[in-house]
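Compute the structure for the input listed below.
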Amino acid sequence: MAVPAAASVCDPDRYCPPEITGLSDLLERHVRERPDARALVVGGDRLAVSYATLAALSDDVAARLSGTGLRPGDAIGLVSANTVEFVAALLGGARAGLVVAPIDPALPESQVSARLEALGVRAVLVGPPAAGAALVAPANVPAWTLHVDVSPSGTATATLETGSPATPPPQSAAGELSSHDALVLFTAGTTDRAKMVPLTHANVAASVRGICATYELGPVDATVAVMPLFHGHGLFAGLLASLATGGCVLLPERGRFSAHTFWDDMRAAGATWFTAVPTIHEILLKRSATDYPGPQGPPLRFIRSCSAPLNLATQRALERTLRAPLLSAYGMTESSHQAASEPLPQNGPLKHGSVGVSTGVSLRVLDPDGNPCPVGAEGEVWVQGPTVTRGYLANVAETAHSFTAGWFRTGDLGSLDEDGYLFLTGRIKNLINRGGEKISPEHVEDVIAGYPGVAEAAVFAIPDATYGQRTGAAVVLARGESLGAEEILQYCRSRLAPFEIPDRIEFVAALPHTAKGALDRKAVDTQYGH
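Presented below is the predicted three-dimensional model:
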């Protein structure tokens, strides 16, 4: 594909990723060369915010933050939906030299406060809440409200209410930060178990360059922010990669994904791609008969799926419906999101069932003794490279366990084929031990979800006096479908080893999911694993 010249200064016949050093200079080139180009489209009225306007907003926020006594390397929290306030606060904090810690705005106030206090932020910027959520004002931390007003003419003004002074630098995890750090992201988990992941500007830049190079993003590209920006998936792949290459990001009304308005949003943005978790892809596929505009829809270069395994049947059906390749990717907070992805069709073969090849990092698969696994053999996936964090804040034991000589032990099981394509098979901690036989719930779920009429499945362990654990499956049927347990079990018998076949099938209306859209296994175990 021809790459717009503004994407990079290099050989015009070869794509080059943007030359950035981190969050603070993300917009600089486009402000110089394309100041009036759309950076964002925001709100229900879908108002355009240019690169020049977004940079001015960010600089205004940065100046106001610096005027409060905050200094480079200080940590601040950010609690906001996917709105222009989030983007202005993130970039403004970076331009002030601060370390920004985005928090899920849907968390209860007690959990927001616990995470921010564990990190030791000096203040928290509060933007609009997500649709249907209450405004969160965390306790014991100064909360400064940020509001951005965008006019139909494209001008924008920021109001930052800094009534309470920033707290003194606390003796906490923030003491491990410096001005080289850009972000602190929290891993998924309960408040007391969520780990704090520091990411430097160099980590951010390497991640963004890798994502941009994988998908050859440029100024002609646009997307809709489907995923929450407090998480690496939406933040790096959706927002930062787009802004770094001069593209456009539409932030939906009230700051969250809506299947009802999605295709209207895509057309308004002139979207060329989008990224989402499998549950959202399933929703779009189910609604495609009535919602997808067909030839009147935006022509997509590709679709991206990440953060959870994608069912092959869904992948193929969505590709047929949207007439675009669906590329599976693999990422984690500790690697600044993306570590591997299927390539664009012109750059390599698509191998459905894989998450592609490494993107800017090194991947290896090791056995329990730390030896490299042969091609096709299953082991633990390890990642090393410029996107990988240095460790966890205030957690020496977990850092020592998970990081070895610059390599991050992901805890994921997988194998590499002869071409370096990674095939994931599950999580080590999720394995079910049935009388010594190890069962990957993700593998069994993928098989069950492939049966016609099944919308989603979750496999869980059931305590058993004889085998230690047996397996159960909670199954959600597609609308209007009526299936029996024996039909599904018969399907499994021809595709699974005998010990992998579920001992119990339960039909449920819905399954619990995390804020980023992945299956909530803890909730599944609590509800069904007994």
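
what stretches of the chain score poorly on pLDDT?
1-12, 130-139, 188-193 (pLDDT under 70).

rerun that using 50 as the cut-off
1-9, 190-192 (pLDDT under 50).

Domain parsing of it, as residue ranges.
Split into domains by automatic domain parsing, the chain comes to 20-25+64-201, 431-528.

which of the ones you listed sits most buried?
Across these, averaging neighbours per residue (mean count of other C-beta atoms under 10 Å) puts domain 20-25+64-201 on top, at a mean of 20. (Glycine included, C-beta is placed from N, CA and C.)

re earlier: adding distance to Leu424, write the domains of the chain out as a markdown table.
Formatted as a markdown table, these follow (distance: least, C-beta to C-beta, whole Å):
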| stretch | distance to Leu424 |
| --- | --- |
| domain 20-25+64-201 | 17 |
| domain 431-528 | 8 |
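
I'd like to know which of those domains lies nearest to Met227.
With C-beta to C-beta as the criterion, Met227 lies closest to domain 431-528 of the domains of the chain, at 6.7 Å.

For that closest one, measure first residue to last.
16 Å (C-alpha to C-alpha, to the nearest Å).

Tell me which residue lies nearest the centroid of this protein.
Nearest to the mean C-alpha position of the chain, by C-alpha atoms, centre = their mean, lies His233 at 1.7 Å.

quick check, that one in a helix?
Yes: with DSSP: H, G, I helix; E, B strand; the rest coil as the criterion, His233 is located in a helix.

ok, it to Ser207 distance?
When distance is defined by C-beta to C-beta, to the nearest Å, His233 is 12 Å away from Ser207.

list residues touching both of those two?
Residues within reach of His233 and of Ser207 at once, by C-beta atoms under 8 Å, 6 or more residues apart in numbering, are His337.

Contacts only, for the residue nearest to the centre of the chain.
Counting by C-beta under 8 Å, 6+ apart, His233 touches Met227, Thr275, Val277, Cys306, Ser307, Gly331, His337, Lys516.

By neighbour count, which of these wins?
Most neighbours among the contacts of His233, by other C-beta atoms under 10 Å: His337, with 30 neighbours.

Look up which residues are beta-bridged to that residue.
Taking DSSP bridges as the rule, His337 bridges to Met332.

just Ile432 next, same as before
Beta-bridge partners of Ile432, as defined by DSSP bridges: Ile439.

ok now do it, which residues does it touch?
Counting by C-beta under 8 Å, 6+ apart, Ile432 touches Lys438, Ile439, Pro441, Val459, Phe460, Ala461, Gln469, Thr471.

didn't the first one look like it was pressed against Leu431?
Same thing as Lys438. Yes: using C-beta atoms under 8 Å, Lys438 is in contact with Leu431, at 4.9 Å.

Ramachandran angles for Arg287?
Backbone geometry at Arg287, expressed as degrees, to the nearest 10, gives phi -90, psi 0.

Please identify which helix or strand holds the closest residue to it other than its chain neighbours.
Excluding its sequence neighbours, the residue lying closest to Arg287 (C-beta to C-beta, 6 or more residues apart in numbering) is Ala259, at 5.7 Å. Following DSSP states H and E, there is no helix or strand that holds Ala259.

any idea how far Lys286 is from Ala259?
Distance, Ala259 to Lys286, by C-beta to C-beta: 9 Å.

ok, now Ser113?
Ser113 is 38 Å from Lys286, by C-beta to C-beta.

for Leu57, same thing?
Leu57 sits 38 Å away from Lys286, going by C-beta to C-beta.

who has more neighbours, those two?
More neighbours surround Leu57 than the other of Leu57 and Lys286, with 24 against 15 (other C-beta under 10 Å).

can I assume the more buried one is in contact with Val148?
Yes: between Leu57 and Val148 a contact is recorded at 6.4 Å, counting by C-beta under 8 Å.

so what sits against both of the two?
Contact criterion C-beta under 8 Å, 6+ apart; residues bridging Leu57 and Val148 by contacting each: Val84, Ala88, Ala156, Ala158.

now those residues as CSV including distance to Pro374 and secondary structure?
Formatted as CSV, those follow (distance: C-beta to C-beta, whole Å; DSSP: H, G, I helix; E, B strand; the rest coil):
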residue, distance to Pro374, secondary structure
Val84, 51, helix
Ala88, 50, helix
Ala156, 56, strand
Ala158, 56, strand
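
What is the nearest of those to Ile488?
Using C-beta to C-beta, Val84 comes nearest to Ile488 of the shared contacts of Leu57 and Val148, at 46.3 Å.

roughly how far apart are the closest one and Gly379?
44 Å.

ranges for the strands of the stretch 301-450 of the chain?
Using DSSP state E, counting those that start in this stretch, the strands found in the stretch 301-450 of the chain span residues 302-305, 326-332, 337-341, 357-358, 362-366, 379-384, 403-404, 407-416, 422-427, 432-434, 437-439.

Next, the angle from the second one to strand 379-384.
Calculated by axes from the mean of the first three to the mean of the last three C-alpha atoms, to 10 degrees, strand 326-332 forms an angle of 80 degrees with strand 379-384.

Repeat that for the third one.
Here strand 337-341 runs at an angle of 120 degrees relative to strand 379-384 (the same axes, to 10 degrees).

tell me which strands and helices strand 337-341 is in contact with?
Applying 3 or more C-beta pairs under 8 Å, 6 or more residues apart in numbering; DSSP states H and E, one finds that strand 337-341 contacts helix 201-215, strand 326-332, strand 357-358.

so can I have TSV of the ones you listed showing distance to Ala394?
Below are those laid out as TSV (distance: least, C-beta to C-beta, whole Å):
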stretch	distance to Ala394
helix 201-215	19
strand 326-332	20
strand 357-358	30
